[in-house]
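Colleague: give me a model of this one.
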Amino acid sequence: MTEELDEEVLDSLAELDKLYTVFDGASQEDVAYAKVFWSSLSLQPPIESRLVSADIRQRLRAAKTPHCKCGLQGEIQRKLYLTTHATTNKASLSKRDDEIQQDVYLNQKQEERQKYIEMAKKREQIIALLKKQRDERIKKEMISDQNKTRNGNLVDKSNLLLWTAKGELFR
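Modeller: Model (predicted):
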């Protein structure tokens with residue numbers, strides 16, 4: 001019985017060998033490399049047969065929930081969300097919840113106010129810097145204008161050295 005199984009296995013192996021590519025006239029090393037290559041190769045189906053294309057977005061992204069943000073800002077946003085969207089449950093909210101919501105609202109307003117104050121300070125600093133640069137530029141232009149002649153050549157009168165006809169230095 002085992003001999004019959006062995007013969008069946010050998011027959012099935014012979015049939016499988018017929019289905020595979022035979023490398024006639026190639027060295028054993030080349031055959032080994034080719035077998036490794038063909039066993040590692042996997043063919044992808046053509047693009048037309050795919051149900052979903054990789055470069056086309058099939059769905060829009062889901063919107064994030066307001067309570068997924070982290071930190072104090074996320075807590076403020078979540079409580080503000082609850083205050084604006086909980087009109088049906090307004091009567092059932094307790095006094096403590098109302099106080100918390102009021103505190104959150106006031107904290108948010110305070111943060112916004114602080115942000116605008118900081119922006120105003122930065123704006124004032126920038127304006128002061130621009131004014132300082134403008135004043136320096138005007139001052140330099142005035143000095144430059146004093147040293148210009150009518151034809152546009154620069155003449156530095158403080159360092160102007162003239163030689164007299166006798167060869168003496170005249171300042």
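Colleague: can you list the low-confidence ranges for this protein?
Modeller: The model of the chain has pLDDT under 70 over residues 1-2, 5, 13, 16-23, 42, 50-61, 65-74, 80, 82-93, 149-171.
Colleague: can you map out the strands along it?
Modeller: 162-163, 169-170 (DSSP state E).
Colleague: tally of neighbours for Lys79?
Modeller: By the other CB atoms under 10 Å criterion, the neighbourhood of Lys79 contains 20 residues. Bear in mind the C-beta positions are built from the backbone N, C-alpha and C, glycine included.
Colleague: not counting residues beside it along the chain, what's closest to it?
Modeller: Val104 (4.4 Å; CB to CB, 6 or more residues apart in numbering).
Colleague: what's the spacing between that neighbour and Ser94?
Modeller: 15 Å (CB to CB, to the nearest Å).
Colleague: out of those two, which sits in the busier spot?
Modeller: It is Val104, of Val104 and Ser94, that has more neighbours when counted by other CB under 10 Å, with 19 against 8.
Colleague: quick one: end-to-end distance for stretch 14-30.
Modeller: Length of stretch 14-30, first residue to last, CA to CA, to the nearest Å: 22 Å.
Colleague: check stretch 34-47 too.
Modeller: 27 Å.
Colleague: also stretch 49-63?
Modeller: End-to-end distance for stretch 49-63: 32 Å, by CA to CA.
Colleague: quick check: domain ranges of this structure?
Modeller: Per automatic domain parsing, the structural domains of the chain span 2-42, 66-144.
Colleague: alpha carbons only: can I get stretch 99-107 in PDB?
Modeller: In PDB, the C-alpha atoms belonging to stretch 99-107 read as follows (Å, rounded to 0.1, in the frame of the first residue of the first chain):
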ATOM      1  CA  GLU A  99     -21.500  77.600  36.700                       C
ATOM      2  CA  ILE A 100     -18.800  75.400  35.000                       C
ATOM      3  CA  GLN A 101     -20.000  76.500  31.600                       C
ATOM      4  CA  GLN A 102     -20.000  80.100  32.600                       C
ATOM      5  CA  ASP A 103     -16.400  79.700  33.900                       C
ATOM      6  CA  VAL A 104     -15.300  78.100  30.700                       C
ATOM      7  CA  TYR A 105     -16.900  80.800  28.700                       C
ATOM      8  CA  LEU A 106     -15.300  83.500  30.800                       C
ATOM      9  CA  ASN A 107     -11.900  81.800  30.600                       C
END
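Colleague: in that stretch, which residues are buried?
Modeller: By neighbour count on 16 or more other CB atoms under 10 Å, the buried set for stretch 99-107 is 101, 104.
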